[in-house]
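In: any chance you can model this:
(one chain, ligands or ions: 2)
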Amino acid sequence: MESGQWHVEKRSSFRSESFVKDNDIVPETGCLSIIVLGASGDLAKKKTFPALFHLYRQGFLQPDEVHIFGYARTKISDDELRNRLRGYLINEKGASPDQSEILSSFLQLVKYVSGSYDSEEGFRLLDKEISEHEISKNSQEGSSRRLFYLALPPSVYPSVCRMIKQCCMNKSDLGGWTRIVVEKPFGRDLDTAEELSTQIGELFDEPQIYRIDHYLGKELVQNLLVLRFANRFFLPLWNRDNIDNVQIVFREDFGTEGRGGYFDQYGIIRDIIQNHLLQVFYLVAMEKPVSIKPEHIRDEKVKVLQSVLPIKDEEVVLGQYEGYKDDPTVPDDSNTPTFATIVLRIHNERWEGVPFILKAGKALNSRKAEIRVQFKDVPGDIFKCKKQGRNEFVIRLQPSEAIYMKLTVKQPGLDMSTAQSELDLSYRQRYQGVTIPEAYERLILDTIRGDQQHFVRRDELKAAWEIFTPLLHRIDDGESKPLPYQPGGRGPAEADELLAKAGYVQTLGYIWIPPTL
Ligand SMILES: NC(=O)C1=CN([C@@H]2O[C@H](COP(=O)(O)OP(=O)(O)OC[C@H]3O[C@@H](n4cnc5c(N)ncnc54)[C@H](OP(=O)(O)O)[C@@H]3O)[C@@H](O)[C@H]2O)C=CC1
Ligand SMILES: O=C1O[C@H](COP(=O)(O)O)[C@@H](O)[C@H](O)[C@H]1O
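Out: Ligands and ions are numbered 1, 2, ... in the order given. You can find the predicted model right below:
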């Protein structure tokens, strides 16, 4: 190897022990019906059906067991739905022409039923179709499993759940189950979320309800527990003595295109911060769970949430990008934020005084989601490291998944000078040839396996809404107003000022560049 060249070592694949087997989850077989309600919609097309296809392609959904039903009000035939899906799946990133055959066999498993969301007629028809499939497949000798995925606006969840309960529950005497998957945003504030939880809770037990947050299915989010609790060197450092501040950042380089009507009712806090970023926050801040059993993990999440102090107005910056209101589905006087930076503070022994800065924005200068843990300055700084910048531990969730540690090293050469560098675990380079599964793929598989670890429990949801509801009400009442910002930029300058005030020190002149192969 020539000196100075990037050397990429091909490592033989190694098998790691799966820790899922400690989770008390017993694999099941038998007839499986997956029902996508809202099959005509955006989420179903872009996420739910592609995830099902990927699971099928990898052998996780067996053709002799599974059948998929689309349900919505739109009147289309089986073939029309299949053609719509084919058009989308064939053009998906990474799709190859040799998938055409497998795609056709997948689409043959898809059937469509049309009906409304609040009358028994459609759901009785749906039940008849599911039962026919169950009888044809195995019901004489096996159990049957029914998974209802609500790819629908939350306003129709109560009536849809009632219809499922009245008309479509699993009827096999031989066992099986009925589960429902509900999407975010689950409610608009504490009261509406609790009301929704009560309505659904009267119909289904908690183990039947899977409140999905797709950030919990992302590879690096799932890695957080392992990183924190399986590595000795993080244990003594992960606290207020060493960490100065933590940033959890979501940026998108596009606006609300095509979804302005939906977005304007919710805004960036309900769309991203109260759910996706808060889930990441728990995993960074919570204490070690008793075990990796879902209930133990979720108990710790609730505890840390309950230690969060009320958000202070002076620790919030809201923004709305210029041009947002040009969307005809957005009212001219909209007060909805498309950007927010919010500082959360935890009142406990580990984190007292450490700001957790949650930042999310649409129409910014890049698409990126990351966690940035910034350490305090080195005491007794004999190398004058301060001018190089602080140590940072960064977990890049997307794109270019990576974990890297920014640190100060001796600049190679005869001089005794220091420079910023990094220890870098870039996934594309380290795990060559390994496909990282899509979040929805993983989470749908978890629902089939009955693993609720990566889903939101009712008390967790309540604690999450408790944190944000007062601020959301101030925004809804027009008391807190978003500042205008230029699309394609960093968001309002006031957000950077808040970051600096919270203690974040930017390393000037240093940018981490993901290594290329
Ligand atoms: N799209 C995305 O990227 C994401 C969406 N989500 C969540 O997933 C769920 C579905 O989202 P998405 O697919 O974008 O939504 P859509 O607006 O595309 O709605 C899905 C389907 O629901 C039916 N529908 C729409 N509006 C109503 C209404 N007011 N009353 C009754 N039925 C209606 C329509 O079917 P029909 O008229 O044929 O019955 C539509 O095809 C939402 O909760 C959303 O917040 C979460 C993460 C990402
Ligand atoms: O839930 C949502 O997430 C997407 C971003 O998801 P990602 O996996 O691409 O990071 C966001 O665009 C959308 O507004 C929101 O509803």
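In: quick check: the residue in the chain that ligand 1 sits nearest to vs residue 74, distance?
Out: Nearest residue of the chain to ligand 1: residue 41, at 2.4 Å (Cβ to the nearest ligand atom). (Each C-beta comes from the backbone N, C-alpha and C, glycine too.) Note on residue 41: its distance to residue 74, by Cβ to Cβ, to the nearest Å, is 9 Å.
In: quick check: residues of the protein near ligand 1?
Out: Proximity of the chain to ligand 1, by Cβ under 6 Å from any ligand atom, involves residues 38, 40-44, 46, 72-74, 117, 151-156, 183-185.
In: write a ChimeraX command that selects only the buried members of these.
Out: Typed into ChimeraX, the line below selects the buried ones among the residues of the chain next to ligand 1, using 16 or more other Cβ atoms under 10 Å:
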select :38,40,41,43,44,72,117,151,152,154,156,183,184,185
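In: can you list which of the residues of the chain next to ligand 1 are found in helices?
Out: Of the positions in the residues of the chain next to ligand 1, 42, 43 sit in helices, assigned by DSSP state H.
In: out of the residues of the chain next to ligand 1, name the ones that lie in strands.
Out: Using DSSP state E, residue 72 are the members of the residues of the chain next to ligand 1 that sit in strands.
In: low-confidence ranges in the protein?
Out: 1-27, 93-97, 138-142, 385-386, 517 (pLDDT under 70).
In: per-domain residue ranges of it.
Out: Listed domain ranges for the chain are 28-183, 216-436+455-502 (source: automatic domain parsing).
In: residue 189 is nearest to which of the ones you listed?
Out: domain 216-436+455-502 (4.6 Å; Cβ to Cβ).
In: ends of that closest one, how far apart?
Out: 27 Å (Cα to Cα, to the nearest Å).
In: off-centre distance for it?
Out: Counting by Cα atoms, centre = their mean, to the nearest Å, domain 216-436+455-502 is centred 13 Å from the centre of its parent chain.
In: that one and ligand 2, any residue contact?
Out: Yes. Residues of domain 216-436+455-502 contacting ligand 2 under Cβ under 6 Å from any ligand atom: 252, 271, 369.
In: adding distance to residue 346 and secondary structure, write those out as CSV.
Out: Below are the residues of domain 216-436+455-502 next to ligand 2 laid out as CSV (distance: Cβ to Cβ, whole Å; DSSP: H, G, I helix; E, B strand; the rest coil):
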residue, distance to residue 346, secondary structure
252, 27, coil
271, 24, helix
369, 21, strand
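In: neighbours around residue 313, how many?
Out: A count of neighbours around residue 313, defined by other Cβ atoms under 10 Å, yields 10.
In: list the contacts for it?
Out: Residues near residue 313 by Cβ atoms under 8 Å, 6 or more residues apart in numbering: 474, 480.
In: tell me the spacing between it and ligand 2.
Out: As judged by Cβ to the nearest ligand atom, to the nearest Å, residue 313 and ligand 2 stand 25 Å apart.
In: ok, back up a step: of the residues of domain 216-436+455-502 next to ligand 2, closest to residue 325?
Out: Nearest to residue 325 among those, with distances taken as Cβ to Cβ, is residue 271, at 17.0 Å.
In: which residues does that closest one contact?
Out: 185, 263.
In: now it: how far from residue 45?
Out: Taking Cβ to Cβ, one finds residue 271 at 19 Å from residue 45.
In: and if you look at residue 104?
Out: Distance from residue 104 to residue 45, by Cβ to Cβ: 18 Å.
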